[in-house]
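> Pasting the sequence and the predicted coordinates here, then a few questions.
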Amino acid sequence: MIKSTIKPLLLLAFAGMAFSSGAQNARIKIDIDRKIGEVDKHLYGNFVEHLGRCVYGGIYEEGSPLADDKGIRLDVLDAVKDLNVSITRYPGGNFVSNYHWQDGIGPKDQRPARMELAWARLESNRFGTDEFMDYAKRMNTEPYFSVNMGTGTIEEAQQWVEYCNVKSGPYFAELRKKNGYPEPHNIKYWSLGNEMDGFWQMGHMNAEDYSKKAREAAKLMKLTSPDIKLIAAGSSNYRPNADPNEWNATILHELRDVIDYIALHMYVGNPDNNYYNFISTPLVLEERTRVVKGLIDREMENADRGNRPPIYIAWDEYNIWYRARSEDTMAGTRALEEHYNLEDALVISGFLNAFIRNADIVKMANMAQLVNVIAPIFTNETGMFKQTIYYPLQLFAKNVHGTALDVLVDCETYDTDKFFVGLGESTTQQKNVPFLDVSATYNNGEVILCVVNRNKDKAITTDLISQEGNFSGDFEVFEVNGPDIKSENDFGKTNVETVNKPAIKVKTTDKLTYSFPPHSFTMLKGKIVK
Ligand code: AHR
């Protein structure tokens, strides 16, 4: 039951369109000349943190019959490869603020075990920089490292860049060679700490102190490896007493000549079991994106960046995280193990649509995280399964490239209640939430339309109209759906996955009609010819 008002507003706007009580109608206008920006391949990134069973028992499990002689879980690796992960952030997260990278290199049996304070574990350090780089090659992803701006020093950050990126000569480059890696790892993307505004972060500071430390770390890191790209830790702390955009404004001002991206994080949930509130949360991500874009634009007016492009936004942590939030589910070896359902997959589809609609400014996004920890892949000792959220992410990563288009969507809308966006966070109320959540891209004659039908009960029959050129040839249809919004996958049980539906047969025309089923994500893929 939708508590909020459903408004047949568009009846007024479109004479001739009938909205019956039993079904909904809509229209989507696609104009290949209305361009938002290029979709960056790094929108389909992911994140591996030393947390719970993401590394140990996830991607890496020494002695497992499912692992190779290096300890890599081969069943997991197959699923990871099939996700087309463009860029992978490592090794944290909160973990990195108490991580000293030198603990994780050299002969494994000589590495020190450490207390891991962020997530209350013993860190064996048997997986570290070089093991991650081997893994990144096997999964065919761009590595993205995060340095310790909490308990770490700027010198330690510089030495890590030297170990990874300098070919030979200085001590740490030679140490890498001694450890069996004659060629540099060439890591291009480096973030200057993680969530440093958060009171939970080890070494938490204010924006001025962070800016000073980040600027000096950046200086040393760039002197070591001039072509690296730097990501500053923006604020994602929307708790009632926090002022995230004060932090963002300060660091953007202080670091505007230095950084390439500002990192933002967002986790949402459905603790009140209100589907319509929850399914609107990608709109909050878009609001936050627009505010930070405004702050960036203001700073870019007086920045001294030479030929470098403006600062972009990296949503380098996003996901659904609300079930595993209690004291015992946030610590130890089984921390943050969320079991996802169909409504979660629809929210992820909405996030991905939001990144595409903001493709001019959002140039990186990393689902947090890859395996077991709030993740699309889930393991036990004898196998793995793909969670519901795996499927929309895979569809986007494999198909959605090229130029993002600014489409017009006319459909019925609803208003949400006032609700918490994430646990302990600010409240929001979303008005006029369109039942259809849409993004479109155009790439060498091919158009891809990604549509979430937020309506839990009704199909939405939609006219798709091409403003410039005609639809032509068959349109492939991929759908992520399931018996109901709470449907989950499990070991040996797949209720939610991508289904390749019968293609839409198209005679060359500027109008198609398609009915988007209730609570579904649909991708339509075909051609527009001029
Ligand atoms: O992804 C889980 C945690 O969420 C990360 O360690 C931290 O950066 C964020 O608060």
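Yep, it's here.

> contacts, neighbours, all on C-alpha from now
Fine.

> Can you mark which positions in stretch 450-467 are buried?
450-456, 458-466 (16 or more other CA atoms under 10 Å).

> Kindly report the residues of the stretch 301-450 of the chain close to the ligand.
Proximity of the stretch 301-450 of the chain to the ligand (CA under 6 Å from any ligand atom) is limited to residues A368.

> Got the confidence number for the residue of the stretch 301-450 of the chain found nearest the ligand?
Closest to the ligand within the stretch 301-450 of the chain is A368: 5.3 Å, counting by CA to the nearest ligand atom. As predicted, A368 sits at a pLDDT of 98.

> Is it correct that it is in contact with F47?
Yes: with contact defined as CA atoms under 8 Å, A368 counts as touching F47 (5.3 Å).

> shared neighbours, those two?
Counting by CA atoms under 8 Å, 6 or more residues apart in numbering, the residues touching both A368 and F47 are 316-317.

> Could you report the separation of the residue nearest to E488 when sequence neighbours are not counted from R53?
Closest residue in space to E488, ignoring its immediate chain neighbours: N341 at 4.3 Å, by CA to CA, 6 or more residues apart in numbering. Per CA to CA, to the nearest Å, N341 is found 20 Å from R53.

> Check G63 too.
The gap separating G63 from R53 is 15 Å, by CA to CA.

> Pick out whichever of those two has more residues nearby.
Neighbour tally, G63 and R53, criterion other CA atoms under 10 Å: the higher count belongs to R53, 24 against 13.

> What's the local residue count around Y171?
Count around Y171 with other CA under 10 Å applied: 12.

> Would you mind giving me the confidence score for it?
98.

> what's the residue of the stretch 301-450 of the chain closest to the ligand in contact with, if anything?
46-48, 316-319, 374-375.

> What's the ChimeraX syntax to select whichever of these are buried?
In ChimeraX, this line selects whichever of these come out buried by 16+ other CA under 10 Å:
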select :46,47,48,316,317,318,319,374,375
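
> Put together JSON lines for the contacts of A368, with pLDDT on each row.
Output for those, formatted as JSON lines (pLDDT from 0 to 100):
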{"residue": "N46", "pLDDT": "98"}
{"residue": "F47", "pLDDT": "98"}
{"residue": "V48", "pLDDT": "98"}
{"residue": "D316", "pLDDT": "98"}
{"residue": "E317", "pLDDT": "98"}
{"residue": "Y318", "pLDDT": "98"}
{"residue": "N319", "pLDDT": "98"}
{"residue": "I374", "pLDDT": "98"}
{"residue": "A375", "pLDDT": "98"}
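
> How is this protein divided into domains?
Here the domain assignment for the chain is 3-38+416-529, 41-403, based on automatic domain parsing.

> Return the most buried member of the ones you listed.
Mean neighbour count, computed with mean count of other CA atoms under 10 Å, is highest for domain 41-403 among these, reaching a mean of 20.

> which bits of the protein sit near the ligand?
92-94, 194-195, 368.

> again, 8 Å this time
49, 51, 92-95, 118, 194-195, 265, 317-318, 336, 368-369, 373-374 (CA under 8 Å from any ligand atom).

> Surely I448 is in contact with K525?
Yes: between I448 and K525 there is a contact at 4.6 Å, judged by CA under 8 Å.

> This protein: helices as residue ranges?
For the chain, the helices defined by DSSP state H occupy 10-13, 74-81, 129-139, 154-165, 171-178, 207-224, 244-255, 275-278, 281-300, 342-357, 390-399.

> Could you check the pLDDT of the closest residue to N319 other than its chain neighbours?
Nearest residue to N319, sequence neighbours excluded (CA to CA, 6+ apart): Y267, at 5.1 Å. pLDDT, Y267: 96.

> For the remainder of this discussion, apply numbering that starts at 29.
In the new count, where the first residue is 29, that last one comes out as Y295.

> I'd like the distance between Y295 and L313.
Relative to L313, Y295 is positioned 10 Å away (CA to CA).

> How about the contacts made by N302?
Here N302 is in contact with no residue (CA under 8 Å, 6+ apart).

> can you check A331 too?
Applying CA under 8 Å, 6+ apart, one finds that A331 lies in contact with 284-285.

> Tell me which residues touch the closest residue to E211 other than its chain neighbours, please.
Among residues not flanking E211 along the chain, K195 sits closest, at 6.3 Å (CA to CA, 6+ apart). Residues counted as contacts of K195 (CA under 8 Å, 6+ apart) are 201, 210-212.
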